[in-house]
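> Generate coordinates for the sequence data below:
(chains A, B, C, D and E, ligands or ions: 4)
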Amino acid sequence: MTTTTEAPAKTPLVRLTACDKSYGNIIALGGISLEVDAGEVTCVLGDNGAGKSTLIKIIAGLHKPSHGSYEVDGVPVTFDSPREALERGIATVYQDLAVVPLMPVWRNFFLGNEVRKRLGPVRRLDIDFMRKTTKKELLDMGIDLRDVDQPIGTLSGGERQCVAISRAVYFGAKVLILDEPTAALGVKQSGVVLKYIVQARERGLGVIFITHNPHHAYPVGDRFLLLKRGKAIGYYSKDEITRDELTAQMAGGAELDELHHELQRGGKAAAEAAHVLEEEVQELGITHEPTAGS
Amino acid sequence: MTTTTEAPAKTPLVRLTACDKSYGNIIALGGISLEVDAGEVTCVLGDNGAGKSTLIKIIAGLHKPSHGSYEVDGVPVTFDSPREALERGIATVYQDLAVVPLMPVWRNFFLGNEVRKRLGPVRRLDIDFMRKTTKKELLDMGIDLRDVDQPIGTLSGGERQCVAISRAVYFGAKVLILDEPTAALGVKQSGVVLKYIVQARERGLGVIFITHNPHHAYPVGDRFLLLKRGKAIGYYSKDEITRDELTAQMAGGAELDELHHELQRGGKAAAEAAHVLEEEVQELGITHEPTAGS
Amino acid sequence: GGCSESGGKQAEEGAAGVGAGKASTARITIAMVTHGAPGDTFWDIIQKGAKAAAEKDNVDLKYSSDPSSGNQANLIQSAIDSKVDGIAVTMPDPPALIPVIKKAIAAGIPVVAINAGITSFAESGVLSYFGSDESLAGEAGGTRASEGGYKHVLCVIQFQGQVQLEDRCNGVKKTFTGKWTKIYVNGADRPSEQSTIAAKLKQDPSIDFIITLGAPDALAAINAIKDSGSKAKLGTFDFNPQIPPKIQSGELQFAIDQQPYLQGYEAVDSLWLYKANGNILGGGKPTLTGPFLVDKQNVDFVGKFAAAGTR
Amino acid sequence: MSQTVATPAPPARDERLGRRSALARLLARPEMGALVGAIVIYIVFFIVAAPFREATSLSTVLYQSSTYGIVAVAVALLMIGGEFDLSAGVAVTSSALVASMFSYQFTANMWVGVVVSLVVALAIGFVNGYLVVKTAIPSFLVTLGTFFMLRGLNLAMTKQVTGNVATNDVSNIDGFGSAQNVFASQFTVGGVSIRITLLWWILFVAVATWVLLRTRVGNWIYAVGGSAPSSRAVGVPVNRVKIGLFMAVSFLCWFTGMHTLFAFNTVQSGLGVGNEFIYIVAAVVGGCLLTGGYGSAIGAAIGAFIFGMAQLGIVYAGWNPDWFYFFLGALLLGAILLNTYIRRRAEASR
Amino acid sequence: MSQTVATPAPPARDERLGRRSALARLLARPEMGALVGAIVIYIVFFIVAAPFREATSLSTVLYQSSTYGIVAVAVALLMIGGEFDLSAGVAVTSSALVASMFSYQFTANMWVGVVVSLVVALAIGFVNGYLVVKTAIPSFLVTLGTFFMLRGLNLAMTKQVTGNVATNDVSNIDGFGSAQNVFASQFTVGGVSIRITLLWWILFVAVATWVLLRTRVGNWIYAVGGSAPSSRAVGVPVNRVKIGLFMAVSFLCWFTGMHTLFAFNTVQSGLGVGNEFIYIVAAVVGGCLLTGGYGSAIGAAIGAFIFGMAQLGIVYAGWNPDWFYFFLGALLLGAILLNTYIRRRAEASR
Ligand SMILES: Nc1ncnc2c1ncn2[C@@H]1O[C@H](COP(=O)(O)OP(=O)(O)OP(=O)(O)O)[C@@H](O)[C@H]1O
Ligand SMILES: Nc1ncnc2c1ncn2[C@@H]1O[C@H](COP(=O)(O)OP(=O)(O)OP(=O)(O)O)[C@@H](O)[C@H]1O
Ligand SMILES: [Mg+2]
Ligand SMILES: [Mg+2]
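Ligands and ions are numbered 1, 2, ... in the order given. The predicted structure follows:
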């Protein structure tokens, strides 16, 4: 109470404690805990079907956890709809993008956050502003749209993903959740997304970043949550894990290694595949010795 | 005619000559030529919205080119439906996967290629065989499904993608087309896909492989077609281009470099982003000098 | 103020319905199965007649209806299943209904026919028929229009493909001396009905007389005449509380009533009589309840019953 | 329109865009195909049916169309929002019955009945919407249930209250005149009498169009119909939008019910069955997508006009009434084929 | 079921699967909710309506249901395949009219008329399907057009040929007896007379179920309804499947038309209007998704049974006929709510 210079215990922006989620009899997530602090990037990593998207859907208010508690700013919450999460400044890029295919790009961009101007007693959409902003935000990502009135369903996969990302970045106020944002993106666009993530962190946002690419995850991440088959198999801060260890864990290192050896025992085709795989493995920084856990 | 030991001019499996495609007034592709030979992997690379998917949709028989000719085995063809392409052994993994969300996984796997057994005069589905095969093929990709009767719409993004890939690999007879197959995949699954591509080449299939990841493209590719804004900006065989040149071209090297410099001139946040970007750029093997074009 | 100074329930006089004492015979159940559409005035009056008789005769009346003949046959079958003591049916589509009627008779259930089926009731084996002859009624309308010196009559059919309605129109055609035209309208949509009649009047200005086949349709026709500025006069089949004032005001020349109340009443009463005393009415011939022509002469007398909803 | 972006960049044409004529651009709008269909049908009848050429006939056709069109506007919004309302036809009758019986039985001023009826109508819409969003049962089924129930209630309550299947004449009740002026009057312009429903129709179409294209709610309507899960994910209050749309349908059903009441003084309890279908047809012929997410209010109005014109045009032309439905079907199919053909052409060349 | 994979791996339970009772698994099937609804309605009427308890009544209800249910089976397949057929109701009447008039006018053996009618019916189905797949106009609109056209044709042709709105009695024509045996006979089992349509219904349901679940075509039907573009992309002949489905509907319409003809000897040309709706309702109540891709033939049969039972049960119970539609609506809505509730529960606990 007197002169402790110690910082008060920071309340994390978002805290999940022992969350479970099942779809009918399918258990997608079991006992996951997670904290996201302001100005911090939390990477969620894991195999296909590990439960990453399920986890972020809980945070985004799309699903309610079957068990466990969810706190925002230290206050327990139960979101009935993503709208409530959005109102608390939690913006999300979903893996399936959550766009309405038949609607024009700019209407998708501002959907749920329409900008309006007064016109006497009534308020009407500020279409001009929204069109311009959409065009500009996408240009910033390196997407030069022909026409912001094109239905978004006619854009290419990567273009659609860029719309979803720039929308979330534009409206994200406190927490930014990105579910495999770079999956369909070109090299340049991926670079821009990484830049956005760093910028968001700088502005004091909490970021949750899901990716399969350790090259993307390690440089920007502050904490790393590793999932496997719905369970957490590791939760590290950056100084607890090296890049190589991380990539090894992500790839299920030992198994990949085994696959590699198995292929080397095979015939010519397999050998060549093994060669490719070896390159891949080396790139991922996996040593041929089983990696030491954290 | 006598004793020339020269190999006869090989007819490519698939040859496109000066193909155009526009959607209404939107020109997606202009004057593209491409050849795919047996036992060869052709990588199609390019920015988001460059027209890669449009190109492979033409080859898969989903669209007809607005102009230009399309030959299979040296014979000009006009496919009215993808069925005709499939019958000629051209199997495709579409970027949007082309699955029917409400149908069970195994029905999706065999859709259009159902396996039947005779039962007296009638033929019925061999459900047992199809279930087992689906389970097995997915296990080979490292996806351990809980239940092959789950509607495919309830699978995770990566799991769905694995179904689409293993289906195409299973049925592909002559040409295998993969549109960003590794986009949603984990490290291990990506490795398996690369292995499949090499195996397919070994078996003498022609492969068309679209990806944004030069680490994936260069090791397996034999030829590289680079697209930008609907036009071909380069068509190389492996010996004509180095990996670094390729990645530079893919990333639009010069532009990325500029972005990097611009960021360095900015404030603190930008500087950190620049740092990340620099790492990214280095990883892509881009030298800071403008790269020499081919 | 929220209250109306005129009209409304306040202005309504307590109209006495048809009432009588109650029979002391044992309670029996009678099913009435018609092809009427629910919510139609005409069939409502039939029901009212049947109810009045049921009240008097200590009868438990079960009414059901379906315009499709297949479904009507099934409703008759369900009456047989329910082992009722008597059945009253309409026979709009005799070949479709005769087999099931015969089944009822074979099961020992007495059956009478009402309203429709005058040509086939004998063959079906029912005890009696109470109703009007649609063709005869139509002919009466045609004669009446001819007497008025009209040159071109328009027959308005509010439901397509029904034999009874066609019979009425054909009856008109038979006796009318001038030109005859018909038109189909949507009887479930008043504005549409009105517009369609108005359009027809416009299309053929020589039409100087209209006959509608149902009472509510006459009201739409009155509006249509006003609308199109035509000079055509109007007559109608059937009757309801809105009709008498229109006859009095001269907007409507006549209404050909077939006394549905009587059909309903007689159906139940005759079945009760048959059960209680073995009586059969009609002697194998149809007992006609119409046509009964209401015009300016007798409208005042009939009108007050109509206001009570029993004519 | 996207050319208005005020970047300093030169307004050079994107090389990835082909040229597209102004006509083609116009024809690609959702309602234009229907408009061309309407014009063709109009021309056909103009040629074959002499009485059709007169202004009074057009007025009758427009009146007929407006009685469908007013509800069709709301049905179109609802359809764009991804739902159906099969109870719309009988709800019109319910509204008229409630207003009429309330004022008559309580000898209340007509306007009291009108307001009570509005409250009842909105309640029906709310119940429809609430059941749809809360149970996630398709609206086709829910409103089918309410369709049957209202149909039964219309008859049963009317019989209960009046002892008849039609309501009593309310033309002597206070306030009838003023209400009639609002809902069912007519006036003459250049010798042609115009029904007031036509004006109301135009007003409703204009408002609906404005709401759809220029307001946030309009954006949400397209969104919930185009993809309800995506809309929910980005924070659109899907349930509120849907309930609101059902209530909008009820509101215009109520309006049309008031028109019927004040135009005819009494109401038959069995009316309206089948009209729900005509509303849907008008919306779909006018270019609304049955599966939601696409369409326009003007389109629905044009659809209602096509339907009304076909219905009455056959009569004006004096074609054999036995073939009425055949002609009606052929005209509708023709209009739709034309509509599709034009849109296809416009899209290919745009 | 997926446990039958014969890998040497130990049949250990996947740790990512929760336990799920056999009951919950059963209840999660698309048609089970409807079945429970049917059982509840049956029990309700069993309690309140004495005549309903007898076997003969059940037989009547089943007969009534079968006349809806036979066409509903095909309509369900079509709906699973992502399309509607609004012309199904009047197409039944068309078939009956064609057979009857052909045999009568040409004094031909009844079977000739039956075959001619089949050809005509299949042609109608083909035209519907062809127009839908070639023009890409929603089937709702196309079949609405053919609905109106057939309705007009039924009346006009009948009047043209017979001078009346109903056909002549054909019961004296050669072959009538044998045709009646096939299409409209009845037989007695344990004192209860059973209509042959019931057997045909069961047969059609069984065949449809087998086709849906065990054949390639069935796979394709689900696929084209679930996502036509995806199906096309993987090589399913989408157009052929859809045209085939329309023809299947026509076929069962023809069958029901033959039943109507041989059960009633004459045919009224105005019949059938509105029944297309009942078929769709049966399919949807039975668990078919209106948007396609999901459902079952058994479900549609149960839906038809629910509808028939509600319709006749109200009569057996002797409830006030004025309230008929109210009860019908309430029963349907109740059945659907129950259906949804059960499915929801089963899914949550499965
Ligand atoms: N159906 C369509 N209608 C109109 N425009 C379209 C349509 N499909 C694609 N386009 C446009 O054509 C261009 C090329 O699209 P395409 O999908 O081929 O790109 P891509 O190279 O596959 O991009 P990505 O890497 O993002 O998948 C894009 O700009 C897109 O907006
Ligand atoms: N709606 C659902 N119903 C049933 N199971 C589901 C549903 N959604 C997801 N699952 C299952 O839950 C598991 C986790 O899915 P999730 O989408 O969270 O995986 P993920 O980690 O995001 O994978 P990916 O990297 O492939 O996107 C998967 O095995 C999937 O099959
Ligand atoms: Mg995911
Ligand atoms: Mg693509």
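> Next, the most centrally placed residue in chain A: secondary structure please.
Residue closest to the average C-alpha location in chain A (C-alpha atoms, centre = their mean): residue A:178, at 2.6 Å. Three-state call for residue A:178 (DSSP: H, G, I helix; E, B strand; the rest coil): strand.
> need the contact list for it.
A:92-93, A:165, A:168, A:193, A:197, A:207-210 (C-beta atoms under 8 Å, 6 or more residues apart in numbering or on different chains). C-beta here means a position set from N, CA and C on the backbone, and glycine is covered the same way.
> Switch these over to CSV; also include distance to chain B and pLDDT.
Converted to CSV, the contacts of residue A:178 look like this (distance: C-beta to the nearest C-beta, whole Å; pLDDT from 0 to 100):
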residue, distance to chain B, pLDDT
A:92, 15, 93
A:93, 13, 93
A:165, 11, 92
A:168, 17, 91
A:193, 10, 88
A:197, 8, 90
A:207, 13, 94
A:208, 17, 94
A:209, 12, 94
A:210, 10, 93
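> Quick one: check the helix or strand where residue C:78 lies for contact with chain E.
Assigned by DSSP states H and E, residue C:78 belongs to helix C:69-81. Yes. For helix C:69-81, a contact with chain E is found by C-beta under 8 Å from any C-beta of the partner chain, at C:69-71, C:73-75, C:77-78, C:80-81.
> Can you report how many residues neighbour the residue in chain D that chain C sits nearest to?
Nearest residue of chain D to chain C: residue D:270, at 2.4 Å (C-beta to the nearest C-beta). For residue D:270, the count of nearby residues is 24 (other C-beta atoms under 10 Å in any protein chain shown).
> How about it: what's its closest non-neighbour residue?
residue C:39 (2.4 Å; C-beta to C-beta, 6 or more residues apart in numbering or on different chains).
> For residue D:273, see how far away that neighbour is.
Taking C-beta to C-beta, to the nearest Å as the measure, residue C:39 falls 8 Å from residue D:273.
> Which neighbours do those two have in common?
residue D:151.
> Contacts only, for the residue in chain C positioned nearest to ligand 2.
Going by C-beta to the nearest ligand atom, ligand 2 is nearest to residue C:71 of chain C, at 43.5 Å. Residues near residue C:71 by C-beta under 8 Å, 6+ apart: E:64, E:311.
> burial count for the residue of the stretch 51-200 of chain A at minimum distance from chain B?
Closest residue of the stretch 51-200 of chain A to chain B, C-beta to the nearest C-beta: residue A:158 (3.0 Å). As a burial measure, residue A:158 scores 29 neighbours (other C-beta under 10 Å).
> buried set for the helix or strand containing it?
Secondary structure from DSSP H and E places residue A:158 in helix A:157-171. By neighbour count with 16 or more other C-beta atoms under 10 Å in any protein chain shown, helix A:157-171 contains the buried residues A:157-169, A:171.
> what ranges do the strands span in the chain?
All of this is about chain A. Counting by DSSP state E, one finds strands in chain A at the ranges A:14-23, A:26-36, A:40-46, A:67-72, A:75-76, A:90-93, A:116-119, A:122-125, A:175-179, A:206-210, A:223-228, A:231-237.
> My question was about chain D, not that one.
D:186-189, D:192-195.
> how about the first one against chain C, any contact?
Meaning strand D:186-189. No. Counting by C-beta under 8 Å from any C-beta, chain C has no neighbours in strand D:186-189; the shortest distance is 9.0 Å.
> So which other helices or strands are in contact with that strand?
Counting contacts by 3 or more C-beta pairs under 8 Å, 6 or more residues apart in numbering or on different chains; DSSP states H and E, strand D:186-189 packs against strand D:192-195.
> I'd like to check what contacts the strand it packs on. Which residues are they?
D:55-56, D:58-59, D:62-63, D:66, D:184-188.
> Of those residues, just the buried ones, PyMOL syntax please.
Buried subset of the contacts of strand D:192-195, written as a PyMOL selection, criterion 16+ other C-beta under 10 Å:
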select buried, chain D and resi 56+58+59+62+63+66+184+185
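> Pass me the low-pLDDT residue ranges in chain A, would you?
Filtered on pLDDT under 70, chain A yields the residue ranges A:1-9, A:251-294.
> How is it partitioned into domains?
According to automatic domain parsing, chain A comprises the domains A:14-241, A:253-284.
> And the first one, end to end?
This means domain A:14-241. Distance between the two ends of domain A:14-241: 23 Å, counting by C-alpha to C-alpha, to the nearest Å.
> now do stretch D:310-322
End-to-end distance (C-alpha to C-alpha), stretch D:310-322: 15 Å.
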